[in-house]
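In: I'll drop the sequence and a predicted model, then ask my questions.
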Amino acid sequence: MNQLKNDQIRQNVRSRYKEIALQEVESGSCCSPASSCCGSANGVSSQLGYSTEELTAVPAGANLGLGCGNPQAIAELKPGEVVLDLGSGGGFDCFLASRQVGDTGYVIGVDMTPEMVSRARSNAVKGGFTNTDFRLGEIEHLPVPDQTVDVIISNCVINLSPDKQQVFDEAFRVLRSGGRLAISDVVTTAELPAEIKNDLDVLYSGCISGASSVDELKTMLAQSGFKGIAVEPKEESRTFIKDWVPGSKVEDYIVSAVIKAVKP
């Protein structure tokens, strides 16, 4: 994929998430990855495995209902760990991770949309989260030093990158030895039709046409140097994915998956 097309994809994604960030999204309305409105953000997130306690523990407006799983629930976070969230949005997963790592831990959120970073920083102040830091940057070029992170989480974001190999290379760079990935993302279970694959305006920025297969993800992670690679598709996720673009049958081609790996 050439650089010009990569930049076009990034601009489309950035524009879409700028629009979402500027909406007044409380618990009563939300945006799913592919649709403009799909009910309540908390309702969507409860389908993804978030508990009522988790949903009420973050500032109003932090949860935008944009994920496809619950990465901090699979990350087995421990007090004192440094956590990095790729594509941190309004800060939802960062704030939940912040509670788990405690005052001795630290959570960094990186997002390429300035409006999302501003929203997350505002939410951190609102919620009194002092161990979080939100940084503007692309996940292919992380504003994070080498070997400074214990755990990387991400929620339905890496599929949006036009250079996923570079994302995993960067993740490997910033992780300490023994550090781990705990990611929720979408994977393809069948070849995407051309009309879905080539829709860069709606379906790419909607977490659909940029999805990779399980084998592709495993190959990229291994090439970056990761070990202990596991990609676990969640068939039950088709029930909420079908609502992303009603009538398009996207649930026949993609599912949510848990992606784990370790830096030796």
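Out: Yes, it's here.

In: and Glu232, that's in a strand?
Out: Yes: note on Glu232: a strand contains this position according to DSSP: H, G, I helix; E, B strand; the rest coil.

In: which stretches of the stretch 1-150 of the chain form helices?
Out: Counting by DSSP state H, counting those that start in this stretch, the segments of the stretch 1-150 of the chain that form helices are 3-22, 41-47, 52-55, 71-74, 92-101, 114-127.

In: Make CSV from these and add mean pLDDT, distance to Ser212 and mean neighbour count to it.
Out: All C-beta spots, glycine's among them, are computed from the backbone N, C-alpha and C. Conversion of those to CSV gives the following (pLDDT from 0 to 100; distance: least, Cβ to Cβ, whole Å; neighbours: other Cβ atoms under 10 Å):
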stretch, mean pLDDT, distance to Ser212, mean neighbour count
helix 3-22, 79, 14, 16
helix 41-47, 73, 23, 19
helix 52-55, 80, 28, 14
helix 71-74, 90, 17, 24
helix 92-101, 96, 21, 25
helix 114-127, 95, 23, 19
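
In: What's the first helix or strand after the helix or strand hosting Ile196?
Out: Element membership of Ile196 [criterion: DSSP states H and E] is helix 194-197. The helix or strand immediately downstream of helix 194-197 is strand 212-213, counting by DSSP H and E.

In: What mean pLDDT does the next helix or strand along the chain from that next one get?
Out: Downstream of strand 212-213, the next assigned helix or strand under DSSP H and E is helix 214-224. Predicted confidence along helix 214-224 averages 98 (mean pLDDT).

In: before we move on, what about stretch 184-193?
Out: Per-residue pLDDT over stretch 184-193 has a mean of 92.

In: can you list contacts of it?
Out: Residues from elsewhere that reach stretch 184-193, judged by Cβ atoms under 8 Å, 6 or more residues apart in numbering: 48, 67-71, 74, 154-159, 207-209, 211-214, 217, 231, 233, 241, 252-259.

In: one more time with 7 Å
Out: For stretch 184-193, the surrounding residues in contact (Cβ atoms under 7 Å, 6 or more residues apart in numbering) are 67-71, 154-156, 158-159, 207, 209, 211-214, 217, 231, 233, 252-259.

In: just stretch 111-123 next, same as before
Out: 10, 14, 17-18, 21-22, 59, 61-62, 87-91, 109, 134, 136-138.
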